[in-house]
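Trainee: A predicted structure for the sequence below; I have some questions about it.
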Amino acid sequence: KAGVTQTPRYLIKTRGQQVTLSCSPISGHRSVSWYQQTPGQGLQFLFEYFSETQRNKGNFPGRFSGRQFSNSRSEMNVSTLELGDSALYLCASSLEGGQYNNEQFFGPGTRLTVL
Amino acid sequence: AQSVTQLDSQVPVFEEAPVELRCNYSSSVSVYLFWYVQYPNQGLQLLLKYLSGSTLVKGINGFEAEFNKSQTSFHLRKPSVHISDTAEYFCAVGSSNTGKLIFGQGTTLQVKP
């Protein structure tokens, strides 16, 4: 089975712009979670989607949003980019259940740099 | 509130030596415990997990961890490390109360020849 794929792998944007990141989960997986990874804050949970519905969310401003499609693929969007949004954005999928008690399979991440 | 503390940010160790990476958590409800590994320029990969049952959990690549409820710890151990074990290791705690998985800050394991 193919693993979790994320596109693009690298992205450079300027402050004020918006960006959309894409994640394709492992075939058959219905839960997709997004994380932001930075050297200072570590891994922080953004949101989790299951069957096209947001099941849980972290403590991020409303500029961060996401969605999940019927084929379980997911996108996250960040509007009005700030310098502090520079990070590695990781997507993870799992079969079902919650992210809190199931193995998650991570993609390689999208490295976003905001100038 | 739920929190995870990895007590060492970096652990240098010589090849073939034993290693222990420490993880403590705080939670007032039943928890689910995980260790993930991240190699350079890659996503995270599950090493092992504790959901219930035996407190000694064996994972991939020769790693094991012990759940200690009284000390709220879930330390990761390997009896003999290899150069290829050089990576960042994350402890994570999931709570059925919040439905969230919280990660520790990570421990960089540096295996020296």
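Mentor: Structure received.
Trainee: Now residue A:34. Nearest residue, chain neighbours left out?
Mentor: Closest residue in space to residue A:34, ignoring its immediate chain neighbours: residue A:46 at 4.1 Å, by Cβ to Cβ, 6 or more residues apart in numbering or on different chains. Heads up, the C-betas are built off the backbone N, CA and C, glycines and all.
Trainee: can you give me the strands for the chain?
Mentor: Since no chain was named, I'll use chain A. With DSSP state E applied, chain A shows strands at A:5-7, A:10-13, A:19-24, A:31-38, A:42-50, A:53-57, A:64-68, A:74-78, A:87-94, A:105-106, A:110-114, listed in chain order.
Trainee: My question was about chain B, not that one.
Mentor: Secondary structure of chain B, counting by DSSP E: strands at B:3-6, B:10-14, B:19-21, B:23-26, B:31-38, B:44-50, B:56-58, B:64-68, B:73-78, B:87-95, B:101-103, B:107-112.
Trainee: Would you mind pulling the contact partners of the second one?
Mentor: Strand B:10-14 is touched from outside by B:19, B:21, B:81, B:107, B:108, B:109, B:110, B:111, B:112, B:113, with contacts defined as Cβ atoms under 8 Å, 6 or more residues apart in numbering or on different chains.
Trainee: Let me know whether the residue nearest to residue A:34 touches residue A:32 as I believe.
Mentor: No: at 10.7 Å, residue A:46 does not count as touching residue A:32 under the criterion of Cβ atoms under 8 Å.
Trainee: higher neighbour count, those two?
Mentor: residue A:32 (30 against 21; other Cβ atoms under 10 Å in any protein chain shown).
Trainee: any idea how far chain B is from the residue nearest to the more buried one when sequence neighbours are not counted?
Mentor: Counting by Cβ to Cβ, 6+ apart, residue A:74 is the residue found nearest to residue A:32 once chain neighbours are left out, at 4.2 Å. Using Cβ to the nearest Cβ, to the nearest Å, one gets 15 Å for the distance from residue A:74 to chain B.
Trainee: try residue A:115
Mentor: Distance, residue A:115 to chain B, using Cβ to the nearest Cβ: 21 Å.
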